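K.L.:
Curious how this folds, go ahead:
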Amino acid sequence: MIPNKFHYVYLTHDNNKHPMYQKFHLLHYLCIKSAIEVNNPDEVNVYCNQEPKGKWWKKIRDEVNVVMIEPPTEIFGKPITELAHMSDVIRLQVLLEEGGIYTDMDTISVKPYGDLLNNKFVLGQQGVGGSEGLCPAVIMSEKDSHFGKQWLYGFNDTFKGGPPGSDGWCTHSVYYPLQLAKSIPEHIHIEPHTSFFYPTYHQESLEDMFEKVTDFDKAYSHHLWETCSMKWLENITIDDIRNNDTTFNLIARKYL
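P.N.:
Residues are numbered from 1 along each chain as shown. Predicted coordinates:
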């Protein structure tokens, strides 16, 4: 029921001077390339407000469809000021219109999602046992899904906006879908955190990805929690990936 097509949202603004976002990063290339190689999708769409730049973008450009968009600045009359929240809206709108698989740009694939596609809507638990909610970094949806529509409509009541760390940062994107899943469980399939969101974003857990070799045998993909793992990700190089054995490097090495 869920088509094997991938959707990415890559929003940038000129004021972001961090080197991870000045140009299309090696990490982002590896994540898209792994999805293509592992899942063999029918199409890959990248929704962006500016054409990405840099050698890694040039290397992947011919394998994706670029869709230029104007990021939303409000929803139900409420202002949207953060790129992450703009992406939250875009991903749901795209999945409702087309169906498919959305993953964040910092999600690297290790096993095909194929056996999950015979569902209406798929999310994964955030935190052990779903203790923190359902994470929107991986979303699978049939076209015009009931759960997706209810989630988008729910922004009217739950969206608060605000910067990272504020009370409203995760309200609509993590906490609300968990509550919605409890009310309409027949419209969603929920995967354990080990499928998409292991390691967790806690530093000691991320060390299993970036400093050790760990067997995450139940994983389809790994969300790399870019903002929490920046101290590792901003310094990755081809030489490091090829020569140092860590969980991440062993996965990424295949796609250089």
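K.L.:
just for the chain, where's the confidence low?
P.N.:
Residue ranges of the chain with pLDDT under 70: 14-22.
K.L.:
Break down it into its strands, ranges please.
P.N.:
5-10, 43-48, 65-68, 74-75, 78-79, 100-103, 107-109, 121-126, 133-141, 189-191, 221-223 (DSSP state E).
K.L.:
which helices and strands does the last one pack with?
P.N.:
The helices and strands touching strand 221-223, judged by 3 or more C-beta pairs under 8 Å, 6 or more residues apart in numbering; DSSP states H and E, are strand 107-109, strand 133-141, helix 193-196. The C-beta positions use only the backbone N, C-alpha and C, and glycine is treated the same way.
K.L.:
So for this protein, the centremost residue is which one?
P.N.:
residue 104 (1.9 Å; C-alpha atoms, centre = their mean).
K.L.:
For the nearest residue to residue 224 once chain neighbours are set aside, which residues are in contact?
P.N.:
Nearest residue to residue 224, sequence neighbours excluded (C-beta to C-beta, 6 or more residues apart in numbering): residue 106, at 4.3 Å. Residue 106 is in contact with 27, 28, 31, 137, 223, 224, 225, 226, 233, counting by C-beta atoms under 8 Å, 6 or more residues apart in numbering.
K.L.:
Run through the helices of the stretch 51-200 of the chain in chain order.
P.N.:
Assigned by DSSP state H, counting those that start in this stretch, the stretch 51-200 of the chain shows helices spanning 55-60, 83-98, 146-158, 176-183, 193-196.
K.L.:
could you dump those helices to JSON lines with distance to residue 255?
P.N.:
Below are the helices of the stretch 51-200 of the chain laid out as JSON lines (distance: least, C-beta to C-beta, whole Å):
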{"stretch": "helix 55-60", "distance to residue 255": "10"}
{"stretch": "helix 83-98", "distance to residue 255": "23"}
{"stretch": "helix 146-158", "distance to residue 255": "30"}
{"stretch": "helix 176-183", "distance to residue 255": "30"}
{"stretch": "helix 193-196", "distance to residue 255": "19"}
